[in-house]
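**Q** model this:
(one chain, ligands or ions: 2)
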Amino acid sequence: MLSAVRRVATANPASLMRPLASMASSAFSTSTYAYAPINVKNITVFGSGLMGAGIVQVAAQNNFNVTMVDLNPDALKKGQDIITSSLKRVAKKKFPEDANQQKQFIDKTMAQIKTSTDSEESSKDADLIIEAIVENLKTKQQLFSMLDKVAPEHTLFCSNTSSLPIAEIAKATERTDRFGGLHFFNPVPQMKLVEVIRTESTSQDSFDALVDVCNRMKKTPVSCKDTPGFIVNRLLVPYMMESLRIVERGEASPQDVDIAMKLGAGFPMGPFELADFVGLDTMKFIVDGWRKEGKIDANLVAPVKLLDELVAQGNLGRKSGQGFYPYNGVGGKK
Ligand SMILES: CCCCCCCCCCCCC[C@H](O)CC(=O)SCCNC(=O)CCNC(=O)[C@H](O)C(C)(C)COP(=O)(O)OP(=O)(O)OC[C@H]1O[C@@H](n2cnc3c(N)ncnc32)[C@H](O)[C@@H]1OP(=O)(O)O
Ligand SMILES: NC(=O)c1ccc[n+]([C@@H]2O[C@H](COP(=O)([O-])OP(=O)(O)OC[C@H]3O[C@@H](n4cnc5c(N)ncnc54)[C@H](O)[C@@H]3O)[C@@H](O)[C@H]2O)c1
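**A** Ligands and ions are numbered 1, 2, ... in the order given. Presented below is the predicted three-dimensional model:
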């Protein structure tokens with residue numbers, strides 16, 4: 001086994017997944033598809049917020065037919081604004097001297113995207129449904145339980161959850177073999193990584209189809225078991241919580257902690273800038289959820305007043321204009 005792992009470790013990322021996937025299958029049930037493996041073309045994304053909008057954009061940029069669903073037209077408009085603002089940056093890089101080409105690129109990408117508040121209508125032609133709604137287990141379970149009754153039998157279901165057990169979300173459906181996790185990173189258009197999570201019920205064909213979608217989105221997929229925080233967040237949560245405690249103990253300011261981690265550890269953002277970027281509400285959902293679940297050292301996720309107070313005041317970071325730092329209307333730092 002070890003020599004096999006060493007052998008694949010030198011392979012390029014795309015092929016790395018297949019050997020890992022086959023090795024991983026020894027740790028998971030290899031129940032075969034009840035339905036023919038599918039070539040995903042139509043993707044429906046639930047949630048048009050920070051992450052849902054980014055996932056929709058990247059899918060549309062890579063020629064998937066995409067439907068973006070949220071609760072109301074205002075939320076959908078916010079998602080569309082996130083996408084157009086990002087596409088302008090991407091277009092300027094792709095066609096630096098050609099405003100006409102930039103406009104064509106943006107218009108073509110936006111034409112691939114449908115928006116809707118009708119969950120049932122938006123699911124009936126989906127090959128893959130990706131959920132990126134609020135980080136709340138009950139809400140996610142309610143959504144998938146409803147979708148399981150209206151989506152085609154072959155449709156794959158995925159959650160973009162940062163911290164919730166995929167198996168817990170999946171158990172609200174009758175398609176646990178066609179259910180996995182696709183954990184994208186923020187900002188989705190810029191971050192190459194996607195964590196592909198399989199539960200003990202995810203079939204090999206479903207897992208392979210999800211890896212294929214990541215590759216077609218020009219992402220670099222890694223495989224992980226359905227464990228708290230998967231890979232990145234399992235390491236990120238303790239680091240960010242200890243950053244909070246450094247400030248809570250009066251040992252350093254958020255600004256100096258951020259500067260220290262950027263200049264001392266080479267991070268692109270310090271922990272407080274990152275928390276404002278991700279959203280303090282999402283952060284609190286994650287930490288409170290892990291404390292309740294009790295699967296990791298309770299000290300790592302003990303409550304910190306500073307975070308709880310900011311969220312209680314509605315200071316959620318960039319998305320609300322104020323978090324650890326103040327922001328102007330478009331989410332940039334003042
Ligand atoms: C302290 C509180 C503790 C609370 C405790 C709770 C703990 C919980 C922790 C878990 C959180 C989990 C969240 C989630 O599950 C997992 C994640 O997503 S973690 C976040 C991962 N992302 C990052 O770490 C981002 C790090 N930051 C960066 O990479 C960069 O800062 C940036 C965001 C890319 C911005 O880069 P800058 O250099 O600052 O600014 P630029 O504007 O120049 O951008 C650089 C480059 O990127 C392109 N770009 C940026 N944003 C976009 C976009 N939205 N769309 C398209 N392109 C974008 C930009 O055009 C530039 O391109 P270039 O010119 O360089 O080619
Ligand atoms: N923010 C990040 O950096 C980040 C990164 C990776 C993963 N995630 C995960 O992605 C998910 C979304 O996070 P976000 O930051 O995009 O949140 P967000 O608050 O920006 O967006 C959530 C969206 O979901 C919508 N929504 C809520 N309930 C819904 C429902 N029943 N049907 C349809 N839409 C619904 C909301 O209206 C909102 O527009 C969470 O599970 C989070 O853990 C977040």
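
**Q** any residues touching stretch 278-289, and which ones?
**A** The contact list for stretch 278-289 (CB atoms under 8 Å, 6 or more residues apart in numbering) reads 50, 134-137, 162-164, 186, 233, 237, 240-241, 275, 301, 303, 307-308, 310-311, 315-319, 323. Any C-beta I mention is one placed from the backbone N, CA and C, and that applies to glycine too.

**Q** I meant stretch 90-104, not that one.
**A** Outside of stretch 90-104, the residues within contact range by CB under 8 Å, 6+ apart are 61, 88, 105, 106, 189.

**Q** Can you dump the C-alpha atoms of that stretch in CSV for me?
**A** The C-alpha trace of stretch 90-104 is given here as CSV (Å, rounded to 0.1, in the frame of the first residue of the first chain):
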residue,chain,number,x,y,z
VAL,A,90,-11.7,37.6,-15.0
ALA,A,91,-12.5,39.2,-18.3
LYS,A,92,-9.9,42.0,-17.8
LYS,A,93,-7.3,39.3,-17.3
LYS,A,94,-8.4,37.2,-20.2
PHE,A,95,-8.7,40.1,-22.7
PRO,A,96,-6.7,42.9,-21.2
GLU,A,97,-6.8,45.2,-24.3
ASP,A,98,-10.2,44.3,-25.8
ALA,A,99,-13.3,45.7,-24.1
ASN,A,100,-15.5,44.1,-26.8
GLN,A,101,-14.1,40.6,-26.1
GLN,A,102,-14.5,41.2,-22.4
LYS,A,103,-18.2,42.1,-22.9
GLN,A,104,-18.7,39.0,-25.1
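
**Q** what does the stretch 1-150 of the chain put close to ligand 1?
**A** Within the stretch 1-150 of the chain, the positions near ligand 1 by CB under 6 Å from any ligand atom are 86, 89, 90, 93.

**Q** Which neighbouring residues are in contact with residue 314, exactly?
**A** residue 320.

**Q** For this protein, which helix or strand comes out least confident on mean pLDDT?
**A** helix 2-9 (a mean of 40; mean pLDDT, DSSP states H and E).

**Q** picking that back up, which one of the contacts of stretch 90-104 sits in the busiest neighbourhood?
**A** Highest neighbour count within those: residue 61, with 21 neighbours (other CB atoms under 10 Å).

**Q** correct me, but it touches residue 109?
**A** Yes: Residue 61 is within contact range of residue 109, at 5.4 Å (criterion: CB atoms under 8 Å).

**Q** just to revisit the earlier point, just the buried residues out of the contacts of stretch 278-289, in ChimeraX syntax.
**A** The buried subset of the contacts of stretch 278-289, as determined by 16 or more other CB atoms under 10 Å, is captured in ChimeraX by this line:
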select :50,135,137,162,163,164,186,233,237,240,241,275,301,307,310,311,315,316,317,318,319,323
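
**Q** Of the contacts of stretch 278-289, which belong to strands?
**A** Among the contacts of stretch 278-289, no residue falls in strands (DSSP state E).

**Q** I'd like to know which of the contacts of stretch 278-289 are part of helices.
**A** Taking DSSP state H as the definition of helices, the contacts of stretch 278-289 contribute 50, 137, 233, 237, 240, 241, 275, 307, 308, 310, 311.

**Q** Give me the phi and psi angles of the closest residue to ligand 1 within the stretch 101-250 of the chain.
**A** Distance from ligand 1 to each residue of the stretch 101-250 of the chain (CB to the nearest ligand atom) is smallest for residue 162, at 3.1 Å. Dihedral pair for residue 162: phi -80, psi -30, per degrees, to the nearest 10.

**Q** Determine the number of other residues adjacent to the residue of the chain at minimum distance from ligand 2.
**A** Proximity of the chain to ligand 2 (CB to the nearest ligand atom) peaks at residue 49, 1.9 Å away. Other residues near residue 49 come to 18 when the count uses other CB under 10 Å.

**Q** Pop out the phi and psi values for it.
**A** Backbone geometry at residue 49, expressed as degrees, to the nearest 10, gives phi -90, psi -150.

**Q** before we move on, what about the one 3 residues further on?
**A** The phi and psi torsions at residue 52 (degrees, to the nearest 10) take the values phi -60, psi -40.

**Q** For it, which non-adjacent residue is closest in space?
**A** Nearest residue to residue 52, sequence neighbours excluded (CB to CB, 6 or more residues apart in numbering): residue 132, at 3.8 Å.

**Q** does the one you found really touch residue 43, like I thought?
**A** No: in terms of CB under 8 Å, residue 132 does not count as a neighbour of residue 43; the distance is 11.6 Å.
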